[in-house]
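**Q** sequence plus predicted model, see below.
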Amino acid sequence: MYDLLIVGAGPAGLTAALYAGRSRLKTLMLEKIGVGGRILMTEVIENFPGFVDGVHTADLIKRMQGQVTNLGINIALEEVLEIDCKLKSVKTNAGTYSADAVIIATGAHPRKLGVPGEDKLTGRGVSYCATCDGPLFRDKFVAIVGGGNAMAEEALYLTRFAKSVNIIHRRDQLRASAILQEKLKENKKINFILSSVLTEIIGSGKVEAMKIKDLNTSREKIIPCDGIFIYIGFIPDTVFVKDKLKLDEAGFIIAGEDMSTSCDGIFACGDCRKKTLYQVITACGDGAVAADSAYRYLVSKK
Ligand code: NAP
């Protein structure tokens with residue numbers, strides 16, 4: 001029996017654990033894949049306060065994890081399958097844990113394009129992680145799909161290796177922040193294919209080409225390429241709380257400013273929560289608030 005269970009060990013969950021540990025709550029963290037979460041799909045983040053030249057995400061996570069384990073909190077690598085929000089019990093692939101409060105910090109996973117060839121060629125030229133796979137494309141021709149900050153950061157990262165990086169975006173304007181757009185425009189390896197969608201990924205055994213449709217003319221053309229990176233947003237990992245907590249239509253958990261959800265004693269923080277700004281710094285802020293709210297909730301129950 002724990003005071004607190006934290007599901008997910010990305011920046012939100014790790015910060016919640018840091019605050020819970022410092023409040024001396026008996027806490028267990030449960031993490032499905034590995035400590036860090038989606039942030040590790042980006043090599044460096046430039047907008048974490050205090051790091052003028054950016055910070056390597058692997059280093060940041062290592063430091064966060066160190067702070068948590070120094071406080072005696074265990075991180076069990078187990079997948080949460082079910083949660084009983086009333087009893088505050090969590091069933092994983094390895095056992096069942098109970099607590100007086102639960103913080104959900106499960107984050108999100110990349111959205112797929114859903115075009116022919118995508119599934120078949122994933123891991124064979126199609127990737128959702130430039131940080132992981134970018135170095136495999138040295139002197140190759142790659143494309144990246146999307147128009148947000150994640151696409152922009154990763155397109156810049158890919159220029160370190162690739163011969164050229166084609167940005168394919170469905171509108172004529174990106175939504176990435178202005179500073180990132182300036183960097184993209186300055187980079188000679190980057191080309192823009194705007195108002196266009198990728199309709200098919202072609203290749204037998206590995207990516208060889210992509211089919212692109214110009215949305216202004218409806219014309220399609222086939223462009224040879226070696227790799228395709230997909231950065232078109234993310235989907236919250238909240239399936240296990242569907243029908244148990246209030247979610248929005250896209251599956252993000254609805255939580256208040258204090259991170260409380262529709263169930264007493266269950267809190268949500270980070271990318272799995274509906275909010276306006278999805279950043280590492282806001283995930284950390286959410287985590288701190290969630291742990292503080294859980295602490296106040298536990299004290300009020302005593
Ligand atoms: P995002 O901001 O939601 O952008 C997703 C992009 O994919 C949009 O440009 C969207 O086009 C496009 N898109 C969505 N579905 C598509 C489809 N089916 N086909 C083609 N294009 C599609 O997602 P993100 O870039 O992953 O970022 C997610 C959140 O994390 C954002 O809040 C972002 O600011 C934050 N983030 C911040 C940083 C940073 O500040 N360092 C880094 C990474 C991510 P439209 O523009 O036409 O909608």
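**A** Nice, thanks for sending it over. Numbers count the residues shown, from 1 in each chain.
**Q** now the helices: where do they sit in the stretch 201-302 of the chain?
**A** For the stretch 201-302 of the chain, the helices defined by DSSP state H, counting those that start in this stretch cover 280-301.
**Q** around the ligand, which positions in it sit nearby?
**A** Tyr231, Ile232, Gly233, Phe234, Tyr278, Gln279 (C-beta under 6 Å from any ligand atom). (C-beta placed from N, C-alpha, C; glycine too.)
**Q** farthest-apart pair in these, please.
**A** Based on C-beta to C-beta, the longest span within those runs between Ile232 and Gln279 and measures 18.2 Å.
**Q** neighbour-wise, which of those two wins?
**A** Taking other C-beta atoms under 10 Å, Ile232 and Gln279 do not tie; Ile232 has more neighbours (19 against 15).
**Q** verify the contact between the more buried one and Tyr128 for me.
**A** No. Between Ile232 and Tyr128 there is no contact under C-beta atoms under 8 Å: 9.5 Å.
**Q** and for the two, which residues touch both?
**A** Pro110 (C-beta atoms under 8 Å, 6 or more residues apart in numbering).
**Q** list the contacts of Cys85.
**A** Val102, Val241, Lys244, Leu245, Cys263, Gly265, Ile266.
**Q** not counting residues beside it along the chain, what's closest to the fifth one?
**A** This means Cys263. Excluding the flanking residues, the one nearest Cys263 by C-beta to C-beta, 6 or more residues apart in numbering is Cys85, at 3.9 Å.
**Q** got the phi and psi for that neighbour?
**A** phi -70, psi -30 (degrees, to the nearest 10).
**Q** for stretch 87-100, give me every contacting residue.
**A** 1-5, 7, 28, 30, 76, 78-84, 101-102, 265-266, 298, 301.
**Q** list only buried entries from these.
**A** When the contacts of stretch 87-100 are checked for burial by 16 or more other C-beta atoms under 10 Å, the buried set is 2-5, 7, 28, 30, 78, 80, 83, 101-102, 265-266, 298.
**Q** now do the residue positioned nearest the centre of the chain against Ile235, distance only.
**A** Closest residue to the average C-alpha location of the chain: Arg38 at 3.5 Å, with C-alpha atoms, centre = their mean. The gap separating Arg38 from Ile235 is 11 Å, by C-beta to C-beta, to the nearest Å.
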